[in-house]
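*Asks:* Sharing a model that was predicted from the sequence below.
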Amino acid sequence: MDPVSLIAIGAGNRLRTYMHYIETHPDKARLVAVVDPDRVRRDSLAERAGVPPERRYADYHTMFADGIKADAVIVATPENLHFEPAMMALDAGYHLLLEKPVAQSYGECVAIADKARAAGMLVSVCHVLRYYPIFVKIKEMIESGEYGKVISIHHTEEVGIDRATHSFVRGSMNREKDSNPMLLAKCCHDLDLLLWMTGAHCRRVSSFGSLRWFRADNAPTDSAGRCIDCAAEPRCPFSAVDLYRTRGEWTRNFIPAPGETIAQVIDRQLREGPFGRCVYRCDNDVVDNQVVTMQMTDGMLVTLSVNFFTQRDCRDTDIKLTGGEISCDGVTLRARDFKSRRTTTYDFSHLAKMKYHGGADMALINDFVDAVRNGGGRLLTGIDDSLEAHRVIFEAEKSRLTGTTVIFGD
């Protein structure tokens, strides 16, 4: 078989992840065009893939107008810009690998699913957690019935303070109107994971959350608009100078222009870019804490908590069943049997040393490429399977804003 020919719309971090698969599997996939408004990102990715200059585009409208012969499109644009390129790709007859979230409203999500179904095109949504080995094991344990039926689940998304300040305070996902609600941007994976692991459907949902801390009224009295000019910076736990310059973390998207060093990019960000701003004086409005509670159709209770204020960057899952309990901290999985009083422990610490979500990113794109090569087949993360999680998120946001519990109809 010829390799699957792919068009990349968006040349950021997610596409660079999938580029690793393309580079290591040249017999299965190749990149034939790149779209990104940022010339540095666009050319950097195109050079790696050997994409010629005439197939490098600043705008996807121009790319679609050229009618490029290809099998599939990867949409990895900013999260508020998924709907239009996804619909255009399906209209043009391309299969679609679509980064989450699918779109910014439930109606748009359904429209993409309907168009794909009518056109007979594959759409895989990048819910990578369905491929993560520790969650695959949990799903197997639930489905086996060995520990009885699920009574309740408490799942915590430990976002981590560095990720939170980088993405949701200073970064591009810090405003709902320009991006998405935090729950959709960060926890779309988690809601999908919980529904997938249990096979349950939501009956009603309620949510609470607010922007409690990262506001101007909480700023130290001697603080400044930028960390680099700030008297409070040496004692501030949210210092951009410490995060980017001293520790050198969260700089993957700081791509140097030709002839520029990463140190120069960091210095420019600190002095004039969005990532040098004081966390208390940004233009952010997304919540910095939230909880979602669901009652499922079989009576199961599922709670999702979102924590910014932690140094941990992981997911904790605690499942109570009629015959035992299962707990997971992202590294160790423990299953306790009520009858035998036996605890079985599974060690997944090796995943922390593996890139690309413990290999889950590579498994996801491999499944998509194989489905395209084989002319179809069941996708683990097909768009129809993703719709319910998106609906739960939109209804949870309605609950948060109105203070009501949302009851699902048929």
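*Replies:* It's in.
*Asks:* switch to C-alpha atoms for all contacts and neighbour counts from now on
*Replies:* Noted.
*Asks:* Would you mark the buried spots in stretch 388-404?
*Replies:* For stretch 388-404, burial by neighbour count (16 or more other C-alpha atoms under 10 Å) applies to 388-400.
*Asks:* which one among those gets closest to residue 101?
*Replies:* Ranked by distance to residue 101 (C-alpha to C-alpha), the buried residues of stretch 388-404 are led by residue 390 at 7.7 Å.
*Asks:* Could you list the residues in contact with stretch 197-206?
*Replies:* With contact meaning C-alpha atoms under 8 Å, 6 or more residues apart in numbering, stretch 197-206 is reached by 135-136, 138-139, 142-143, 150, 195, 292-298, 392, 395-396, 399-400, 403-409.
*Asks:* Now with 7 Å, please.
*Replies:* With contact meaning C-alpha atoms under 7 Å, 6 or more residues apart in numbering, stretch 197-206 is reached by 139, 195, 292-297, 396, 399-400, 404-408.
*Asks:* Helix or strand next in line after the lowest-mean-pLDDT helix or strand in the chain, which one?
*Replies:* Taking mean pLDDT, DSSP states H and E as the measure, helix 355-358 is the helix or strand of the chain with the lowest mean score, a mean of 84. Once the chain leaves helix 355-358, the next helix or strand it forms, by DSSP states H and E, is helix 360-373.
*Asks:* Contacts for that next one next, please.
*Replies:* With C-alpha under 7 Å, 6+ apart as the criterion, helix 360-373 contacts 4, 21, 124, 128, 131, 132, 377.
*Asks:* Same question for stretch 103-123.
*Replies:* For stretch 103-123, contacts defined as C-alpha under 7 Å, 6+ apart pick out 80, 82-83, 87, 90, 95-98, 102, 180, 382-384, 387, 390-391, 394.
*Asks:* Out of those residues, list just those in helices.
*Replies:* 83, 87, 90, 383, 384, 387, 390, 391, 394 (DSSP state H).
*Asks:* contacting residues around residue 377?
*Replies:* Applying C-alpha under 7 Å, 6+ apart, the residues contacting residue 377 are residue 371.
*Asks:* Can you classify it by secondary structure?
*Replies:* coil (DSSP: H, G, I helix; E, B strand; the rest coil).
*Asks:* how far does stretch 23-31 stretch from start to finish?
*Replies:* Stretch 23-31 has an end-to-end distance of 9 Å (criterion: C-alpha to C-alpha, to the nearest Å).
*Asks:* can you give me the helices for this structure?
*Replies:* Using DSSP H, helices in the chain cover 13-24, 39-49, 60-65, 83-91, 106-119, 133-144, 161-163, 182-198, 240, 262-272, 355-358, 360-373, 383-402.
*Asks:* Residue 285: which of those is closest?
*Replies:* Once those are compared by C-alpha to C-alpha, helix 182-198 is nearest, at 9.5 Å.
*Asks:* what is the orientation angle of that closest one with helix 383-402?
*Replies:* 130 degrees (axes from the mean of the first three to the mean of the last three C-alpha atoms, to 10 degrees).
*Asks:* Go through the contacts of helix 360-373 and flag which are in strands.
*Replies:* Members of the contacts of helix 360-373 lying in strands (criterion: DSSP state E): 4, 124.
*Asks:* Kindly reformat the contacts of helix 360-373 as JSON lines containing pLDDT and distance to residue 200.
*Replies:* Compiled in JSON lines, the contacts of helix 360-373 are given as follows (pLDDT from 0 to 100; distance: C-alpha to C-alpha, whole Å):
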{"residue": "4", "pLDDT": "97", "distance to residue 200": "35"}
{"residue": "21", "pLDDT": "96", "distance to residue 200": "33"}
{"residue": "124", "pLDDT": "97", "distance to residue 200": "21"}
{"residue": "128", "pLDDT": "95", "distance to residue 200": "19"}
{"residue": "131", "pLDDT": "95", "distance to residue 200": "19"}
{"residue": "132", "pLDDT": "94", "distance to residue 200": "20"}
{"residue": "377", "pLDDT": "76", "distance to residue 200": "23"}
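*Asks:* Alright, that wraps it up for me.
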